[in-house]
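>>> Make a model of this:
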Amino acid sequence: MKRLLITSAIVATVGISGFAYAKHHDTEMRHHQSAKFLVKQMVKQLRGLSLSEAQKSEIKALVTQFKEANSDETKGHSQEERRNANSTPRLDLTTATDAEITEIVAQRVAKQSSKQLEFATLRHDVFAVLTTEQQAELDERHSKFEEKRERREQTMQSHKDSRGDKQQRGQREMKQFAGLSLSEEQKAEIAQLIDLRKESAEFHRETLKTFKQAQRDLVRSDAFSEDAFIALSAKYEDDLIAAGVEKVKFRSTLMAVLTDEQQEELKSRKREMRELMDLLK
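Below is the predicted model:
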């Protein structure tokens, strides 16, 4: 019996704390962003705004307060203990019901929403410290970034469409199977699964993009409050859960194409990568 774990799929799917816009939003989603990383990216956006000493002092106080409130409660524990403390429960996809998968994804979404609220409050408070002119400049920077990102995405998509090569689609999904000695039948089946999911994946990306824009608009408005942010998150909750469940099932279907030996090799690689990444922490 093939035993497939969904933890990494869920984390990759709903780790959506991508508030900083310094990098491409897809890149942000592929990294588990710590509070420290998010604050660093936010502060980088303040460069060149000619902040006064009073503003710097006030922003520093807000950031310090946020960091203290979000300090690692498991500090001093081993990397493995911290990972287990923050991990999503594991399920065997050969026996897990749709309801069980949905529940575990919902738990992860709720946890992320709570973290987002804390960081959104910080962003709102920092934005409020800025003058009207500084706020306008920050908004203009963001608009220019979004325009460049849109052009880049359109260029990339146009290039893919012009090639008309389905084998080039889903390269990130295919890359993880490199070196597993897949048969030609397995390669063709995986490529077909990736191609079939393309449309729904694009829909979920657009939904997430809309959600993030709505978050940003709320954070930078006078209407921001904890209740308002929670209400906005609730509006998109079902969509986020649906995207997470679909991603889990998609990865389950991909893994089912592999033999037991290939699955074990893939899991071994992931364990090794986690151990190597722990050396950098």
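
>>> In the protein, which helix is the longest?
Ordering each helix of the chain by length in residues (DSSP state H) puts helix 184-219 first.

>>> That helix: which residues count as buried?
For helix 184-219, a neighbour-count test (16 or more other CB atoms under 10 Å) marks 186, 189-191, 193-194, 197, 204, 208, 211-212, 215-216, 218-219 as buried. For the C-beta atoms, the positions are set from N, CA and C on the backbone; glycine is no exception.

>>> where does Leu49 land in three-state SS?
Following DSSP: H, G, I helix; E, B strand; the rest coil, we place Leu49 in the coil state.

>>> quick one: it and Ser221, what's the gap?
19 Å (CB to CB, to the nearest Å).

>>> before we move on, what about Lys249?
37 Å.

>>> More neighbours: which of these two?
Lys249 (16 against 11; other CB atoms under 10 Å).

>>> Which stretches in this protein count as helices?
7-14, 25-29, 35-44, 53-69, 79-86, 98-129, 132-163, 171-175, 184-219, 226-256, 260-278.

>>> any idea which of the ones you listed is most buried?
For those, the largest average neighbour count (mean count of other CB atoms under 10 Å) is found in helix 7-14, namely a mean of 20.

>>> Mean confidence (pLDDT) on it, please.
Average pLDDT, helix 7-14: 38.

>>> cool, stretch 205-217 as well?
91.

>>> Below-threshold pLDDT in this structure: ranges please.
1-34, 72-95, 157-173, 280-281 (pLDDT under 70).

>>> ok, and the closest non-adjacent residue to Ala106?
Leaving aside its sequence neighbours, Ala106 sits nearest to Ile241 (CB to CB, 6 or more residues apart in numbering; 5.2 Å).

>>> Settle this for me: that neighbour is touching Val105, isn't it.
Yes. Between Ile241 and Val105 there is a contact at 5.4 Å, judged by CB atoms under 8 Å.

>>> which non-adjacent residue is nearest Ala242?
That would be His204: by CB to CB, 6+ apart, it lies 7.7 Å from Ala242.

>>> what sits against that neighbour?
Residues near His204 by CB atoms under 8 Å, 6 or more residues apart in numbering: 239, 242-243, 246.

>>> JSON lines please, covering these and showing distance to Ser71.
JSON lines is the format used below for these (distance: CB to CB, whole Å):
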{"residue": "Asp239", "distance to Ser71": "32"}
{"residue": "Ala242", "distance to Ser71": "34"}
{"residue": "Ala243", "distance to Ser71": "31"}
{"residue": "Glu246", "distance to Ser71": "35"}
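
>>> Looking at the residues you listed, which is nearest Leu254?
The shortest approach to Leu254 among the contacts of His204 belongs to Glu246, at 12.6 Å (CB to CB).

>>> Show the contacting residues for that closest one.
197, 200, 204.

>>> For Met156, see how far away it is.
23 Å.

>>> Repeat that for Asn70.
35 Å.

>>> so Glu265 touches Leu180, yeah?
Yes. Look at Glu265 against Leu180 with CB under 8 Å: they come within range, at 6.1 Å.

>>> And the contacts of stretch 224-240?
Contacts of stretch 224-240 (CB under 8 Å, 6+ apart): 14, 16, 106, 109, 113, 116-117, 120-121, 124, 204, 207-208, 211, 214-215, 218-219.

>>> and with 6 Å instead?
109, 113, 117, 120, 124, 207, 211, 214, 218 (CB atoms under 6 Å, 6 or more residues apart in numbering).

>>> now, which of the residues you listed sits nearest Phe37?
Ala120 (15.6 Å).

>>> just to revisit the earlier point, dump the residue contacts of the residue nearest to Ala106.
Ile241 neighbours (CB under 6 Å, 6+ apart): 105-106, 109.

>>> swap in Leu62?
125-126.

>>> Tell me how far it lies from Lys36.
For Leu62 relative to Lys36 (CB to CB), the value is 15 Å.
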